[in-house]
Structure formats: C-alpha cells, structure tokens
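Undergrad: Give me a model of this one.
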Amino acid sequence: MHLFRVSALTVSLAITLHARAQVPPTTIPPSPTTQAQHGDDKATPALPASGHTLDSADLEAFFDGIIPLQLERSDIAGAVVLVKKDGQVLLQKGYGYADEKKKKPVDPNTTIFRLASISKLFTWVSVMQLEEQGKLDIDADVNWYLDFQIRPAFDKPITLRNLMTHTGGFEEENRDIIITNPKQPVTLREFLIENQPKRLFAPGTVPAYSNYGVGLASYIVQRVSGEPFEQYVEEHIFVPLDMTHSTFFQPPPKALVASPSEGYREDTEKPAVGFEIFNPVGAGGLSSTASDMGRFGQALLNGGELDGKRILKPETLTAMWTPQFRVSDKMPPIGMGFYQVWRNDLRWIGHEGDLIAFHSLFFVEPTQKLVLFVSYNSAGAGDKPRPEIIEMFTDRYFPREERQVFATLSRDELNAMAGTYQSTRRADSTRLKLGDLFEQRDITIDKDGILRVEGIKDLRGHTIKWKPIDKDLWQEVDGQRRLFAVRDEEGKVVRVAYDFPGTQGQRVPWYENGKFLLCTVGASLVVLAFVVLASLMRLGKRLFLRKRPRPAPQTGTQWLPWVSRAAAWVWVVLLSTIFTFFAVAGDDLMPPTPAWDKYFYLMNVVTALAILLSVFAIISGIRVWKRAEMRKITKAKFSLVALACAILCWFAIHWHVIGQVKRI
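TA: As a prediction, the model looks like this:
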C-alpha cells in the first residue's frame, strides 16, 4: 500500500480492470419488471450459441473448476457464489474456509461476508424510499438536511443526485475509514464532521469516487427518518426481504456474532485481520450472505418487490438504473448509485466492494433476469479473481464473436492522448497527496499507433494495447475495455475516462510529474547525503587520525556553514526515515487513526526545523556570490546545497510532508 492509502479503496484506475466495454446499446438498459418471480419457480434453461446450458449442472462444473484454482493461486481462504436466473437459484455454494485455523467451511446460507462498497446500493435504495415518500428532494442542496454544513465551493450546492454519481467533487479521505478495534468507535456524525474533505471539482462535472459522499447520504437517511441508519436499513430493507443474516451494525448483533467469516491479509497462514469496521457505515458497513444477496437481487429484478413485500416502486427503480452520468453514450454509465459493466451483449448493473481482506461483486442483468454474486475473504482476491469471473461467465454462457475494426487517425490526434495522468479520486490538501505521487500513470503511443497505459495489464499480466475505433474512443486490442478522451474548450485532452464511470484520469502538469519530481528530489537528497558523508568523514578523521595534521584549505576555500550541514542532516534523516518506514510496512499498514497524530506532530516539528535551517542555507548560498575572494568551486558547492534545500522545502510544503494533523 502506498502512503496512507488502503489498497481496498481502491476503486481508482485499477478498478477499470473489473469493468469490460463493448459496442454501446442504442437504448438505456431495460427497465426492471415485476414479471420475474422469486422462489422455486422453474426457469427454462438458456442454451447460448456456445453450447453451454445455463443450468445448475453446468454452472457447478464451471465454478468448481475456477474457484478452487483461484483459492490456491491467490492464497484465498474461502469464497461464496450465487447465480440466479428467472427467480430460480441455479447455484449457491461455498468454497474453502470461513475460518482457516478451525477449518470451518463456508456456508452460503449462514456465513456472513463483509461486502464493503456493495453497501452503497442499500444507501441509495434507502434514499429513494424517502424520496418516494416526499421526505427528500434528490436535487436539493444537501445542507437542507444536515445539522452541520458542507463548506461552500464553486458557487454551486451539492445534491443527493451528485452524491449518487460520485460527482460531488470531494477529495479522498482515509482517516478512521477502517478500524479493527470496536473499543474505538466513531459515530457517523463525528466521522462526517471531523473528516470533511475539501472539494476538487464543481458538483456534477467530474467523477471522483467518494466514500464520504455516500456517508453524507446515509446520515441524511438517518436525519430524515429519525432512525439510526443501521436500524433504518434493517426495518425497511432487510426485514421486508427476509434477509435474516444481513446487518449494517459493526460488529454484528449477538444473534449473528458467530456468523461472520474471518478475513485474511496477504497470507492465510497468518492471523486474521479481525472484524473490519468501516466508516462511514453507509459506504461500506454491510455484512451479508450469498442467499440474502440473492433475495436482494431478485427484488431488484422484480421491480422492487419480493414475496409480496415491496421496497421500491418499479418506476423508481427504472429511474435508478437510467444513466445519470457518462462522458459518452459509447461508454458504460452510472445511474443513481448503480453502475454498469458491459461485456458481450450483457449490461451488468450493480457494484463491487473491497476492504482489506474482503473482495466482492454483485450484479444483476435485467434482460436475462440474472443475479450474480461472488465474495472472497482474503486480500489475494483483490486483483484477478473478480474480472475472471465476469469475463469467463459471460463468455461461456453469452458469447459473442465480433471482428474489431479500428479507425485511422492522424499522428497529431494519436499523440493528443500521450501524457501523465493521475486519478480524480485523490487528495490535494492532505498527506495523501504524497501517496498519489506514486500512482501517476503514463500514456504512451508507439510508432504503430498503439496506446499503452502504464501498469494496466490483462489477466495474463501483459500490458494492454489499445487502438482507436473512433475519434476520442479507444478499445483494447482483442478485448472489450475502452478509453475515452475528455477534452476542454480548446480541444486539448485533459482527462481520460475508463470503463468504470466513478473515476477518471486527469492530466498532470509538468511540475507535478512524479518521475520528474522523484528524480529532482532524489538528486537533492544525494547532494545533501554527500554533505552528511563529508561530515562523517571529517568526524572519523578527528576521532581516529588525531595525530595526523589537518590539511590547510586552499585560498578561497571555505567549509559549509553549520546551518547548511545541519539542514542536510535533518532532511536526509527525515525523508529517508519516512520512505523506509512505508517501504518496509507496505500493505501491512492500516489506515490512519488518531493514534497516528503524535507521529504527524513530530513530522511537522522536524520538517519545520529542516525548513528553518534551509532558509539560512539558502541565504548562505546567495551571499557567497558577493565574496570575490571565494573560489568558484566553493561558490558552486554553497549554491548546490542551497538549491537542494530549496527544492526539498517546496516539496515538503507542496506535497504536505508538513501539514494538517487531524485530516488525512
């Protein structure tokens, strides 16, 4: 994990690996229908052109082949799978262990998995229930419903519709987002007030996936309904749908305390991570089973009703599935919280979810009346397993052969995409900014007009190749993923949209280019490291070569003043300690909590000292040029150290090595 960023949050550029694009539909996704029924109704097996019948026997053979392989290859303790079609359960099965140490098997009916961002769908259903009752206006300023205020920005209010499409403009916020100690609870209101992020974009303009925004919506549900959010979802969604093993309470209530699966980080031979308490609750606090998620999915396909109990009106669900934000009708859209994944002739609608240990997917396909749910309980599932499921399942049962036809563009049009990009899901005002420095990605165009995005690989580990299929639209060679160029008023490509509509890549200005900066900062540290080394050598000579006479310096030569040497020592020790700590800790780090504050205060004090000493070093580097008797090499030495100190001062301030303690 890079600085202060949990890999599970990761719905940024890497999330695009989980979405697949193809030729867009000519209409919006089909509306939910009330004709499909839940229960044991018999469905006629579908027989696609591939010859694979979508029935229980073939599905079990398929998943029995792929899931055990994934568990072994990716060091995953256990998984659960559910597939429904036309209201009939075709497969509901657990694999591996819910508790590796006790060898407790996964039970799809009773083993509770932590579903992370799939929680958001329940928050949006709750919002729309209150909207149906006339208690909420999803296009009103959210401040109308809060007992604290979202700070103004861009002269435009944020609405619930903005929050549903992740276009509220909030920067990323990670403080207290995941804790494993239930003795350190943070209430929903406290979290939202203490961790209010700044705004990067005007509402409704640029997607920047935001857990905080969903948390706001869950607090609005709590405020308007007069019930704690956890209790509201229990009474208005779980109870009507008979989801008896689902809860937003963290940890679960006593009746379910023995049901949650353990979660494992990286190595299943090591102790489990413990129950991950996610803040804010509405963005990631859901715990549920495969069978319960099957009931929720069926209610969605039934137009908001299951077994005579209705949670939404059909027209409300139709509106929620209607595209609300997209950069092009040739790219997958996001509706009211539900986003689409395109592959072959299917339009999957739903959400994925990631914690440190748990990784899940939940999608419905309205035209085929399908529900697909898969969840894993180990960190090893965060990369390949889920996209493998979507790709292989869709290709096996709903194959489509398509001959790719690429467009011919001028060299200038091709090169317009080249550059360095950073995710719109980022933080610019906190220490997270330093971590974002390492997540920038270069887009390059080779001589054959093939585009590559640095670090974006296919399931075989090969860097994906893209070619244009239209102006501003690129498609994966021999694949279905897509990129779309977003231009400004002057026609310059300023952002790149991916298959996942909740985030984009934004062009990085040259002075924030990660490679350039790291080289510049690295060179500055090398200069100061030589100062430190020279100081150590002189100290060694004094200690061990006392009897040897000290050589007299040449005329016009002068040692660096003590402030310059002190600045070099502080910078080298400070930055090498920071980078070493995070390089060693890596993915074992939990997100920051108030327990980190003392270290941030110490970091601020040491950085402030380094900056103060650097000011005097810079003054020395300037004044030395006024002394005619000094040798040019001495002047250059003073100036080089002064320049290195100036660069590091700017870096520490601009990238928040020194900065706020209470926000991260």
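Undergrad: Check which residues of the longest helix seen in the chain are buried.
TA: Identified as the longest helix of the chain according to DSSP state H is helix 514-544. Buried residues in helix 514-544, counted by 16 or more other C-beta atoms under 10 Å: 514, 517, 520-521, 524-525, 527-528, 530-532, 535. No exception for glycine: its C-beta is placed from N, CA and C like everyone else's.
Undergrad: same thing with stretch 70-86?
TA: In stretch 70-86, counting by 16+ other C-beta under 10 Å, buried: 70-71, 74-86.
Undergrad: chain center to that stretch: distance?
TA: Stretch 70-86 sits 22 Å away from the centroid of its parent chain (C-alpha atoms, centre = their mean, to the nearest Å).
Undergrad: Offset the numbering so it begins at 56, please.
TA: That works, and once the first residue is 56, the last one we named lands at stretch 125-141.
Undergrad: The residue nearest to residue 557 when sequence neighbours are not counted: neighbour count?
TA: For residue 557, ignoring the flanking residues on the chain, the nearest one in space by C-beta to C-beta, 6 or more residues apart in numbering is residue 264 at 4.2 Å. A count of nearby residues for residue 264, using other C-beta atoms under 10 Å, gives 25.
Undergrad: confidence score at residue 264?
TA: As predicted, residue 264 sits at a pLDDT of 98.
Undergrad: What segments of the stretch 506-655 of the chain are helices?
TA: 569-599, 617-640, 652-678 (DSSP state H, counting those that start in this stretch).
Undergrad: Residue 415: what secondary structure?
TA: When classified by DSSP: H, G, I helix; E, B strand; the rest coil, residue 415 comes out as strand.
Undergrad: what does the model give the closest residue to residue 305 other than its chain neighbours for pLDDT?
TA: Nearest non-adjacent residue to residue 305, counting by C-beta to C-beta, 6+ apart: residue 332, 4.5 Å away. pLDDT recorded at residue 332 is 93.
Undergrad: Residue 332: what's it in contact with?
TA: 233-237, 240, 305-306, 340 (C-beta atoms under 8 Å, 6 or more residues apart in numbering).
Undergrad: remind me which residues of the stretch 106-255 of the chain are low pLDDT?
TA: 106 (pLDDT under 70).
Undergrad: And the strands in it, which stretches?
TA: With DSSP state E, counting those that start in this stretch applied, the stretch 106-255 of the chain shows strands at 133-140, 143-154, 159-160, 168-171, 233-234, listed in chain order.
Undergrad: The longest one pairs with which strands, and in what direction?
TA: Using DSSP bridges, the neighbouring strands of strand 143-154 in the sheet come out as strand 133-140 (antiparallel), strand 159-160 (antiparallel).
Undergrad: before we move on, what about the last one?
TA: Each strand pairing with strand 233-234, determined using DSSP bridges, is listed with its direction: strand 332-333 (antiparallel).
Undergrad: distance between the ends of stretch 151-162?
TA: 10 Å (C-alpha to C-alpha, to the nearest Å).
Undergrad: do stretch 404-422 as well
TA: 11 Å.
Undergrad: okay if I get the strands of the stretch 106-255 of the chain as JSON lines plus distance to residue 412?
TA: Converted to JSON lines, these look like this (distance: least, C-beta to C-beta, whole Å):
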{"stretch": "strand 133-140", "distance to residue 412": "11"}
{"stretch": "strand 143-154", "distance to residue 412": "12"}
{"stretch": "strand 159-160", "distance to residue 412": "16"}
{"stretch": "strand 168-171", "distance to residue 412": "7"}
{"stretch": "strand 233-234", "distance to residue 412": "10"}
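Undergrad: just these: most buried one?
TA: strand 168-171 (a mean of 31; mean count of other C-beta atoms under 10 Å).
Undergrad: Could you export that strand as PDB, CA atoms only?
TA: Provided in PDB are the C-alpha atoms of strand 168-171 (Å, rounded to 0.1, in the frame of the first residue of the first chain):
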ATOM      1  CA  PHE A 168     -19.100 -11.900   4.300                       C
ATOM      2  CA  ARG A 169     -18.100  -8.200   4.500                       C
ATOM      3  CA  LEU A 170     -19.400  -6.600   1.300                       C
ATOM      4  CA  ALA A 171     -17.800  -3.100   1.500                       C
END
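Undergrad: neighbouring strands for it, and are they parallel or not?
TA: Here, using DSSP bridges, strand 168-171 pairs with strand 341-343 (antiparallel).
Undergrad: Which helix or strand lies directly C-terminal to the partner strand?
TA: With elements assigned by DSSP states H and E, the helix or strand that comes after strand 341-343 is helix 345-356.
Undergrad: Return the list of helices and strands in contact with that next one.
TA: Packing contacts for helix 345-356, counted by 3 or more C-beta pairs under 8 Å, 6 or more residues apart in numbering; DSSP states H and E, involve strand 133-140, strand 143-154, strand 360-361, strand 414-420, strand 425-431.
Undergrad: among the ones you listed, which is nearest residue 273?
TA: strand 414-420 (18.0 Å; C-beta to C-beta).
Undergrad: Does anything pack onto the closest one? Which helices or strands?
TA: Strand 414-420 packs on strand 168-171, helix 345-356, strand 401-409, strand 425-431, helix 440-452, going by 3+ C-beta pairs under 8 Å, 6+ apart.
Undergrad: name the helices or strands packed onto the third one?
TA: Read that as strand 401-409. strand 168-171, helix 174-187, strand 394-398, strand 414-420, helix 440-452.
Undergrad: got the contact list for residue 129?
TA: 433, 435-436, 438-440.
Undergrad: ok, 10 Å please
TA: 323, 414, 431, 433-440 (C-beta atoms under 10 Å, 6 or more residues apart in numbering).
Undergrad: hang on, the earlier thing: tell me which two of the contacts of residue 332 sit farthest apart.
TA: Largest separation among the contacts of residue 332 by C-beta to C-beta: 236 and 340, giving 15.6 Å.
Undergrad: want to try JSON lines for the helices and strands packed on helix 345-356, with distance to residue 178 as columns?
TA: JSON lines is the format used below for the helices and strands packed on helix 345-356 (distance: least, C-beta to C-beta, whole Å):
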{"stretch": "strand 133-140", "distance to residue 178": "22"}
{"stretch": "strand 143-154", "distance to residue 178": "26"}
{"stretch": "strand 360-361", "distance to residue 178": "19"}
{"stretch": "strand 414-420", "distance to residue 178": "14"}
{"stretch": "strand 425-431", "distance to residue 178": "18"}
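Undergrad: For residue 617, find the nearest of those strands.
TA: strand 414-420 (53.9 Å).
Undergrad: quick one: buried residues of that closest one?
TA: 414-420.
Undergrad: Over to stretch 309-323?
TA: 311, 314-321, 323.
Undergrad: Lowest-confidence member of those residues, which is it?
TA: For these, the least confident entry is residue 321, with 80.
Undergrad: quick one, phi/psi of that residue?
TA: phi 70, psi -50 (degrees, to the nearest 10).
Undergrad: Tell me the spacing between it and residue 411.
TA: 9 Å (C-beta to C-beta, to the nearest Å).
Undergrad: ditto for residue 699
TA: To residue 411, residue 699 is 38 Å away according to C-beta to C-beta.
Undergrad: Same question for residue 488.
TA: 22 Å.
Undergrad: So between those two, which is more surrounded?
TA: residue 411 (30 against 22).
Undergrad: isn't the more buried one right next to residue 234, touching?
TA: No. Counting by C-beta atoms under 10 Å, residue 411 does not reach residue 234; the two are 11.0 Å apart.
Undergrad: what sits in contact with each of these two?
TA: Counting by C-beta under 10 Å, 6+ apart, the residues touching both residue 411 and residue 234 are 329, 331, 333, 645-646.
Undergrad: can you pick the most crowded of these?
TA: Busiest of these [other C-beta under 10 Å] is residue 333, holding 27 neighbours.
Undergrad: Now for that one: which residues touch it?
TA: Residue 333 neighbours (C-beta under 10 Å, 6+ apart): 63, 169-172, 174, 231-234, 266, 270, 303, 305, 339-341, 408, 410-411.
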